[in-house]
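Chemist: let me see the structure of the following:
(one chain, ligands or ions: 1)
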Amino acid sequence: MEETEFIWMDGKMIPWKDAKIHVLSHTLHYGGGVFEGVRFYNTSKGPAVFRLKEHTKRLFNSSKSFQMKVDFTEEEINNAIIETVKINKVESGYIRPLIFFGYGKMGLNPAGADINIVIAVWPWGSYLGEKPIKVKIPEIIRVHPESTHSHSKITGNYANSILASLEIKDAGYDEALLLDYKGDIAEGPGENFFIVKDGKLQTPILGNILPGITRESIMQVARDEGCEIVEKVITSQDAKDADEAFFTGTAAEITAIGQIDDVSIGDGKMGPITTKLKTIYTDIITGKNIKYIDWLTVVN
Ligand code: PMP
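Modeler: Below is the predicted model:
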């Protein structure tokens, strides 16, 4: 990770190296934090944050899972994110807001622990590379939706993502594709999943997956382009029989999938619909597509 100069902590800009917490902070032990991953891109008007309000809204919704009393409003956090991007003078990169239970309480009920918020920013290029990737369905399944709040971006949920990632990387694959408790496709460790079959897009229904902001954006773009899209149960066989497959996510953006387990998807190359959506998405995030300009917040 490339360091930047400042991290916003509980309302103050702190030098990166001084942004520290106590080792007995509650979230470090039990995974009860909530966070976001946001990207900003270089546009002709300077750095611009993609879907800032939607990310902050999801962060606040996630915080409700843990009944966290946040001392800031969504608008104040939006402004703090903009300030953190601005002060660090980075043209494009990643933003990590995190709300967590801090010091002052041990035991599983977090009541009494401080609520801390940090916002960090750093330059971050492509997450999974530009070429179609090889994904593997791991043994480990996505956490049961009644065992956690799948729609919230809870730090503890990511233990499941870490285990899946470790499992498949040992087998030489790029990323995991997790099944849900019923044995159908859920999502990647940090990405939503789409397939193209006979010119139509399909993506797993909500309920057991994170409602991705990129997922929602791509569904809207696809509809605007006249491409039919359905949210449905997708089996692993459906996925392997697809003409095209791709992941969406803030970090992963749109990443083509060329192989699932030992099965090649299409001819293994990025297909025409994935290519078209990726091209439109790239224009949108860099401010070249005026139709979706409201999705960008210029940092100035
Ligand atoms: N699923 C999971 C589990 C994720 O962590 C992410 C990344 N936030 C996504 C899907 C994609 O969500 P988004 O497009 O909002 O980044």
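
Chemist: how about the residues of this structure near the ligand?
Modeler: Contact residues, the chain versus the ligand (C-beta under 6 Å from any ligand atom): 37, 187, 190-192, 210, 212-215, 248-250. In this view, the C-beta of every residue, glycine as well, is placed from N, C-alpha and C.

Chemist: what residues sit buried inside stretch 241-253?
Modeler: Across stretch 241-253, burial judged by 16 or more other C-beta atoms under 10 Å covers 242-253.

Chemist: how long is stretch 98-113 end to end?
Modeler: For stretch 98-113, the first-to-last residue distance is 15 Å (C-alpha to C-alpha, to the nearest Å).

Chemist: please list the outside residues in contact with that stretch.
Modeler: 21-22, 24-30, 32-36, 59, 62-63, 66, 68, 70, 114-120, 155 (C-beta atoms under 8 Å, 6 or more residues apart in numbering).

Chemist: can you put the buried residues of stretch 241-253 in TSV and add pLDDT?
Modeler: TSV is the format used below for these (pLDDT from 0 to 100):
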residue	pLDDT
A242	98
D243	98
E244	98
A245	98
F246	98
F247	98
T248	98
G249	98
T250	98
A251	96
A252	97
E253	97
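
Chemist: quick one: those as JSON lines, columns for secondary structure and distance to T4 too.
Modeler: Shown next, in JSON lines, are the buried residues of stretch 241-253 (DSSP: H, G, I helix; E, B strand; the rest coil; distance: C-beta to C-beta, whole Å):
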{"residue": "A242", "secondary structure": "coil", "distance to T4": "40"}
{"residue": "D243", "secondary structure": "coil", "distance to T4": "42"}
{"residue": "E244", "secondary structure": "strand", "distance to T4": "37"}
{"residue": "A245", "secondary structure": "strand", "distance to T4": "35"}
{"residue": "F246", "secondary structure": "strand", "distance to T4": "30"}
{"residue": "F247", "secondary structure": "strand", "distance to T4": "27"}
{"residue": "T248", "secondary structure": "strand", "distance to T4": "26"}
{"residue": "G249", "secondary structure": "strand", "distance to T4": "22"}
{"residue": "T250", "secondary structure": "coil", "distance to T4": "18"}
{"residue": "A251", "secondary structure": "coil", "distance to T4": "17"}
{"residue": "A252", "secondary structure": "coil", "distance to T4": "22"}
{"residue": "E253", "secondary structure": "strand", "distance to T4": "21"}
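
Chemist: which residues of the stretch 101-250 of the chain fall in strands?
Modeler: Along the stretch 101-250 of the chain, counting by DSSP state E, counting those that start in this stretch, strands occupy 115-122, 133-136, 175-176, 178-179, 185-187, 192-197, 200-203, 229-231, 244-249.

Chemist: hey, which of those strands is tucked in deepest?
Modeler: Sort those by mean neighbour count, taking mean count of other C-beta atoms under 10 Å, and strand 244-249 sits at the top with a mean of 27.

Chemist: tell me which other helices or strands the helix or strand just after that strand touches.
Modeler: For strand 244-249, the following helix or strand on the C-terminal side (DSSP states H and E) is strand 253-260. Where contact means 3 or more C-beta pairs under 8 Å, 6 or more residues apart in numbering; DSSP states H and E, strand 253-260 is packed against strand 133-136, helix 213-224, helix 236-240, strand 244-249, helix 272-285.

Chemist: Throw the ones you listed into JSON lines and include distance to F50, thanks.
Modeler: Shown next, in JSON lines, are the helices and strands packed on strand 253-260 (distance: least, C-beta to C-beta, whole Å):
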{"stretch": "strand 133-136", "distance to F50": "22"}
{"stretch": "helix 213-224", "distance to F50": "8"}
{"stretch": "helix 236-240", "distance to F50": "27"}
{"stretch": "strand 244-249", "distance to F50": "12"}
{"stretch": "helix 272-285", "distance to F50": "5"}
